[in-house]
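Engineer: Test case, fold it:
(3 chains)
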Amino acid sequence: MNSQIALQEIIDFLGSDVIQVFGTVENVYVKHLKPIESADEETLDWVNSIKRHKQQIVENSKARVIFVDQDVQYTRAIQSQNKTLLLVSNPKLCLLKVGNHFFVESLKPCVHPTAYIHADAKFGENIYVGANASIGECIIGNEVIIYPNVVINDGVVIGNHVVIKSGAILGFDGFGYERDESNNLVKFPQLGKLIIHDSVEIGANTCIDKGALSNTIVGFNTKINNLCHIAHNVVIGKNVIITAQVNVSGSTTIEDDVWVAPHASFRGHQKIGQGATIGMGAVVTKDVPAGETWIGNPARKFKP
Amino acid sequence: MNSQIALQEIIDFLGSDVIQVFGTVENVYVKHLKPIESADEETLDWVNSIKRHKQQIVENSKARVIFVDQDVQYTRAIQSQNKTLLLVSNPKLCLLKVGNHFFVESLKPCVHPTAYIHADAKFGENIYVGANASIGECIIGNEVIIYPNVVINDGVVIGNHVVIKSGAILGFDGFGYERDESNNLVKFPQLGKLIIHDSVEIGANTCIDKGALSNTIVGFNTKINNLCHIAHNVVIGKNVIITAQVNVSGSTTIEDDVWVAPHASFRGHQKIGQGATIGMGAVVTKDVPAGETWIGNPARKFKP
Amino acid sequence: MNSQIALQEIIDFLGSDVIQVFGTVENVYVKHLKPIESADEETLDWVNSIKRHKQQIVENSKARVIFVDQDVQYTRAIQSQNKTLLLVSNPKLCLLKVGNHFFVESLKPCVHPTAYIHADAKFGENIYVGANASIGECIIGNEVIIYPNVVINDGVVIGNHVVIKSGAILGFDGFGYERDESNNLVKFPQLGKLIIHDSVEIGANTCIDKGALSNTIVGFNTKINNLCHIAHNVVIGKNVIITAQVNVSGSTTIEDDVWVAPHASFRGHQKIGQGATIGMGAVVTKDVPAGETWIGNPARKFKP
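Structural biologist: A predicted model of the protein is given here:
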């Protein structure tokens, strides 16, 4: 990785994403991605569409090859700098695609000898399991990455293309107690499963409990960051983003496309409607209607 | 587990908890617990006493056997459905007892070969230690469950019937620094112990530090959920419930029967009085008198 | 450890820190440090300079040897109690120095056989690696302590005298997603490093991600407590104190000498100025100027 890549290869890879090329392609190579302030001649650079003064950014960049949108002109100044501009509709997205394809090294499937895998665990194809992971009698799909020191309990069901980061703890008993006649705490039986759908990412040291009587479910393509707590019976939809240190208490439902900022917390038995946005540190004690933004402690609808 | 259980067996197990039985017992079996919306004929169902329309819930349930309280009548409609009602004073509690006894599989005591146990650690009887746990020179009572990848440092003292969930980190140095003459940080010596009393549960990825000069103590039957931080010299009483992601800073005392909601945080050197309730996301910067409920940032007494 | 230590040894160790000694030194020994309420005759005691009624504390202490500041008089009452007072300018700091030198047992360098270390990892001298740690192809300096079940990814660079507590997860991909033309989430390539400078402490179950295009950096002598999340591209200066469960979102800069209370959270791309203080549970959504104290949700400048 990180050796020279011919610009022509990148253009071919992006196909119709490249609307037009300004400048030389032949014998032009890039070597790495860099933050704009440390870009050099071998950097594949880009100008984020949301920036102001894009023309100036391109002129000042030390990179030779730059993704730009239609707001940037291939001026004489840029021509004289011998730069090549790749006109695309979304420069950042093109950089991501190229970065992931050409610059990110992928893990080779293997099960590390120090990992413990239950004899009856069912594994799909091309699974990576890192060192000192502990995996119970569970079912795991294809192309799954399980980083070192992850713990997966018996009974967890995991789809394809799932990434589970180190220290994540999946599928243990939820936290449910009831007081008996003598005021002692009696545990609610935890008999459900944890079901994780395809293309989910689970962050480092995140804990997701199994269901009590029903199941805990994480939907397709949902991404959960580090140190989150997802309690029993929680149902999370598709394409949800849950950032770091979020708490989702028991039996709460989070619908598709919701975005949750760090340190937010949800009371149990709530419904967070499709496409809602929850602010950083929000303490959410009520249902949130679809599409709304809620912030604060206690959380209230944000009025801009 | 999860095979058919004769209703008579359940009635015998509950003894005097069952006030009266309405309907057939002989040749009636249950097979599983289910959430009410997916109950079927083989489900052991119950109607929570706090619900409204309990009579209707019983009539609509697809289950054949249902725990009910005295508000529910054994009407002709129910008789014609061929249902058996078990009249008890607390249907939810009876379900818990039966669920834990008949449906929850218990772990067989064993020490997993990939766990590391210090040669001088003292173990009681019937201990379960999961894969890749790391256990120092500590003292552990009887009937203790230590899930995979738990870390227990030297010097920790753990009672009987304690459950420690995966990724919990117990008994390491607290976080105490003092600036020296040159403004450098000097660590306060951490020489105390961590003492965990009987019947405590410690959640996944929760961290409990040992004491500095005195000890950190977790009292009898206290339950702590996932991803909590309990600092040095904290003293927690009996029957305390600490839910997920709570922070208890150094030298704070939490008295018996306190209930702490997720994401609450306590400043150090505080006293939280017996039976207090602390709301979700509360930022507690003062002592809380016994029995009071405090919420908000900064936390204040809740006035309903 | 913890056997008798001659008072003369302690006086010699402290050198010019001891301004004057009142009372007997010969044949006087101390055996341990204790919290003031349980001090006994063999305790090395101290009176914190910030306390009131210091004279009375000294008179009531059961300890024979006590660090005091210039506010305490060597009265006849104290003489008749046969106490020895060590007059110093900062009693607490002297206790720390003596405690760390005489009473804290240091770990002997070794690599536990159950730890996994990548064959190409580069280790300095006197490294301790605990049980079930998982260490990738990284570079580690001298005198580093890595407790059990720590996970360090490939490409992390760690200085000298660094302490990494159990369950910490270092140097994995940050959490950055962009929506593509079909509203699917595409990951931002995570190609940077994580660089940890000398004398840093990293708490148990804390997660620090590597940079995306630039690096994540933790500066000299910075101390981070348990269960924190430090995102990609974060740059933390020197002598910073980050207490438990703090979230620092991506690309935020925290300058030297900042102090962050538990459960605080920072939005991304912020700058927290030198010497700032951030309150418990603060939700920081703006840049914080140097030296200021901010508290609340959302955080605002504290006006005393």
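Engineer: isn't residue A:11 right up against residue A:21?
Structural biologist: Yes. Shown here, residue A:11 and residue A:21 form a contact pair, counting by CB atoms under 8 Å, at 6.6 Å. Yep, even glycine has a C-beta here, placed from its N, CA and C like the rest.
Engineer: can you list residues touching both of those two?
Structural biologist: Shared contacts of residue A:11 and residue A:21, defined by CB atoms under 8 Å, 6 or more residues apart in numbering or on different chains, comprise residue A:86.
Engineer: And the helices in chain A?
Structural biologist: If you assign secondary structure with DSSP state H, the helices in chain A sit at A:7-14, A:54-60, A:76-80, A:91-98.
Engineer: Now for the residue nearest to residue A:30 when sequence neighbours are not counted, how many residues are close by?
Structural biologist: Taking CB to CB, 6 or more residues apart in numbering or on different chains, and ignoring the residues beside it in sequence, residue A:30 has residue A:44 as its nearest neighbour in space, at 4.1 Å. Here the neighbour count serves as a burial measure; for residue A:44 (other CB atoms under 10 Å in any protein chain shown) it reads 26.
Engineer: same question, residue A:4
Structural biologist: The burial count assigned to residue A:4 is 10, neighbours taken as other CB under 10 Å.
Engineer: Surely it and residue A:28 touch.
Structural biologist: No. The pair residue A:4 and residue A:28 fails to qualify as a contact (CB under 8 Å) at a distance of 10.1 Å.
Engineer: how about the residue nearest to residue A:150 when sequence neighbours are not counted, what does it touch?
Structural biologist: The shortest distance from residue A:150 to any residue other than its chain neighbours is 4.7 Å, reached at residue A:133 (CB to CB, 6+ apart). Residue A:133 makes contact with A:112, A:115-116, A:146-152, B:132, according to CB under 8 Å, 6+ apart.
Engineer: Return the member of those residues nearest to chain C.
Structural biologist: Taking CB to the nearest CB as the measure, chain C sits nearest to residue A:148 out of the contacts of residue A:133, at 3.6 Å.
Engineer: what does the stretch 151-300 of chain A put close to chain B?
Structural biologist: Counting by CB under 8 Å from any CB of the partner chain, the residues of the stretch 151-300 of chain A close to chain B are A:151, A:153, A:167, A:169, A:172-173, A:175, A:177-178, A:180-181, A:183-191, A:205, A:207, A:209, A:213-214, A:227, A:229, A:231, A:245, A:247, A:249, A:263, A:265, A:267, A:281, A:283, A:285, A:297-298.
Engineer: buried subset of those residues?
Structural biologist: Of all these considered here, the ones buried according to neighbour count by 16 or more other CB atoms under 10 Å in any protein chain shown are A:151, A:153, A:167, A:169, A:172-173, A:175, A:177, A:185-191, A:205, A:207, A:209, A:213-214, A:227, A:229, A:231, A:245, A:247, A:249, A:263, A:265, A:267, A:281, A:283, A:285, A:297-298.
Engineer: Pick out the residue closest to the middle of chain A.
Structural biologist: residue A:223 (4.1 Å; CA atoms, centre = their mean).
Engineer: circling back to that earlier point, among the contacts of residue A:133, who's most crowded?
Structural biologist: Scoring the contacts of residue A:133 on neighbours with other CB under 10 Å, the highest-scoring entry is residue A:149 at 33 neighbours.
Engineer: So that residue versus residue A:204, what's the distance?
Structural biologist: Using CB to CB, to the nearest Å, one gets 9 Å for the distance from residue A:149 to residue A:204.
Engineer: which residues are in contact with both of the two?
Structural biologist: Residues touching both residue A:149 and residue A:204 (CB under 8 Å, 6+ apart): A:166-167, C:151, C:169.
Engineer: Mind checking which of those residues are in strands?
Structural biologist: C:151, C:169 (DSSP state E).
Engineer: From the shared contacts of residue A:149 and residue A:204, pick the one nearest residue C:304.
Structural biologist: Within the set of the shared contacts of residue A:149 and residue A:204, residue C:169 lies nearest residue C:304; the separation is 38.4 Å, counting by CB to CB.
Engineer: re the thing from before, just say which of the helices of chain A is most tucked in.
Structural biologist: Per-residue neighbour counts averaged over each of these give the maximum for helix A:91-98, namely a mean of 21 (mean count of other CB atoms under 10 Å in any protein chain shown).
Engineer: now the angle between helix A:7-14 and that one, please.
Structural biologist: If you take axes from the mean of the first three to the mean of the last three CA atoms, to 10 degrees, helix A:91-98 sits at 100 degrees to helix A:7-14.
Engineer: Could you check helix A:91-98 against chain C for contacts?
Structural biologist: Yes. Counting by CB under 8 Å from any CB, chain C is contacted by helix A:91-98 at A:92-93, A:96-97.
Engineer: If you count contacts, what does that helix end up packed against?
Structural biologist: Taking 3 or more CB pairs under 8 Å, 6 or more residues apart in numbering or on different chains; DSSP states H and E as contact, the helices and strands that helix A:91-98 lies on are helix A:7-14, strand A:44-46, strand A:65-68, strand C:177-179, strand C:185-187.
Engineer: any idea how far residue A:101 is from residue C:174?
Structural biologist: Taking CB to CB as the measure, residue A:101 falls 19 Å from residue C:174.
Engineer: The residue nearest to residue A:150 and residue C:202, how far apart?
Structural biologist: Using CB to CB, one obtains 21 Å as the distance from residue A:133 to residue C:202.
Engineer: same check, this time on residue A:90
Structural biologist: Spatial separation of residue A:90 from residue C:202 under the definition CB to CB is 37 Å.
Engineer: My guess is residue A:103 contacts residue C:188. True?
Structural biologist: No. Contact between residue A:103 and residue C:188 fails when scored by CB under 8 Å: they sit 11.4 Å apart.
Engineer: Was I right to think residue A:134 contacts residue A:116?
Structural biologist: Yes. Using CB under 8 Å, residue A:134 and residue A:116 qualify as a contacting pair, with a distance of 4.9 Å.
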